[in-house]
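In: show me how the following folds:
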Amino acid sequence: MKVRLARLLLKLASLLPLWLLQAVGGGVGRLVGLLNTREARVTRRNAELVAAALGPFDPETFVRTVMAETGKNLAELALVWGARPERALSRIVEVRGREHFESARAQGRGLILAAPHLGCWELLNLWLCSQGPTAILYRQPQHPEWEPLLTGARGQLGAAQIRADSGGVRELLRVLKAGLCVGILPDQRAKGGEGVVAPFFGHPVRSMTLLSRVAARTGVPVVFGCCERLPNGQGYRLHFLPAEAEIASADHAVAVGALHRGLEACVRLAPMQYQWTYKRFSMQPEDPDCQVYAGMR
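Out: Residues are numbered from 1 along each chain as shown. Just a heads-up that it's a prediction; the model follows:
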């Protein structure tokens, strides 16, 4: 029932103009920030951690803006998931760096598109699907009943949906061999003791090695992509950036370092639209010097 209701609400909300969706989402996000929720506290701590690299900025302005952008991102799901794909795609008004995407795809060996949690990443997924055969790697939701909504929305244009598990890795290799473009969200914390540590905005961060291992094994090119939200409901701007060759290094620390530098380049395009509500800088219990969110719930 909850999933059906969510689908209905997305359909109804998709009828609203983009500027109104973003105004409502931004207002809710700012309100949540004023209530000093866990997300606001995490954002405030992240602001302290990245100030030297991204500053100067006022920390409280940073928190308010990030919370507003987070609210807009949630509200935009109505457009991307609730409206017809053609309508959502029509709101993309500019594509910068498209030559990097086209050059990689023209090699005919498959393509890994590394898309961080920045701006409206779900619209980027939709755009990728509109360009040709695409697969999307995803983690199963914490509540499995929401998985059909997620995969149904992302599969509107026929994208293959690949779970990020052991079976999914085999499928990932198969679709890359077939020449598909695979979208991966590369900035999630590695689970358990997995992953490798490398600097991210001047701090040691543990990240997954899956993307780099697959790139090294298959030899497919890697391109970074993100979807920047323009102000006042003006639409969206896509950005594509080439990845460093070291992202496919056999040395996992070197590879993750290149991954982080690519992520940093994306974040600098629209710093306040990154998912700073996420504990990106937390690491594992065996790393006592990096418990930067200690005591935060």
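
In: can you show me the strands along the stretch 101-250 of the chain?
Out: For the stretch 101-250 of the chain, applying DSSP state E, counting those that start in this stretch gives strands covering 111-114, 134-138, 160-163, 181-184, 196-200, 203-207, 222-229, 236-242.

In: now for those, which one comes closest to residue 26?
Out: strand 222-229 (10.2 Å; C-beta to C-beta). (Each C-beta comes from the backbone N, C-alpha and C, glycine too.)

In: kindly export that closest one (C-alpha atoms) in CSV.
Out: Output of strand 222-229 as CSV, limited to C-alpha atoms (Å, rounded to 0.1, in the frame of the first residue of the first chain):
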residue,chain,number,x,y,z
VAL,A,222,35.8,5.5,-17.1
VAL,A,223,34.1,8.9,-17.3
PHE,A,224,32.7,11.0,-14.4
GLY,A,225,29.3,12.6,-14.8
CYS,A,226,27.0,14.7,-12.8
CYS,A,227,23.8,16.7,-13.2
GLU,A,228,23.9,20.2,-11.9
ARG,A,229,20.6,21.9,-10.8
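
In: and that strand, how far out from the chain middle?
Out: 9 Å (C-alpha atoms, centre = their mean, to the nearest Å).

In: compute the mean per-residue pLDDT across it, please.
Out: Strand 222-229 carries an average pLDDT of 98.

In: can you check stretch 237-256 too?
Out: 97.

In: can you check stretch 11-18 too?
Out: 95.

In: let me know which of the strands of the stretch 101-250 of the chain is the nearest to residue 28.
Out: strand 222-229 (15.6 Å).

In: packing partners for the closest one?
Out: helix 59-75, helix 98-106, strand 111-114, helix 121-131, strand 236-242, helix 252-269 (3 or more C-beta pairs under 8 Å, 6 or more residues apart in numbering; DSSP states H and E).

In: do that again at 7 Å, thanks
Out: Applying 3 or more C-beta pairs under 7 Å, 6 or more residues apart in numbering; DSSP states H and E, one finds that strand 222-229 contacts helix 98-106, strand 111-114, helix 121-131, strand 236-242, helix 252-269.

In: make a markdown table out of the ones you listed and add distance to residue 46 and mean neighbour count.
Out: What follows is the helices and strands packed on strand 222-229, written out as a markdown table (distance: least, C-beta to C-beta, whole Å; neighbours: other C-beta atoms under 10 Å):
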| stretch | distance to residue 46 | mean neighbour count |
| --- | --- | --- |
| helix 98-106 | 28 | 16 |
| strand 111-114 | 21 | 25 |
| helix 121-131 | 18 | 21 |
| strand 236-242 | 22 | 20 |
| helix 252-269 | 11 | 20 |
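
In: closest one to residue 197 among these?
Out: helix 252-269 (7.4 Å).

In: which elements pack onto the closest one?
Out: strand 196-200, strand 203-207, helix 210-218, strand 222-229, strand 236-242.

In: return the second one as PDB; C-alpha atoms alone will do.
Out: Backbone C-alpha positions of strand 203-207 (Å, rounded to 0.1, in the frame of the first residue of the first chain) are rendered in PDB as follows:
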ATOM      1  CA  HIS A 203      41.000  13.600   4.800                       C
ATOM      2  CA  PRO A 204      41.500   9.800   4.700                       C
ATOM      3  CA  VAL A 205      38.400   8.200   3.400                       C
ATOM      4  CA  ARG A 206      37.600   4.500   2.700                       C
ATOM      5  CA  SER A 207      36.000   3.800  -0.700                       C
END
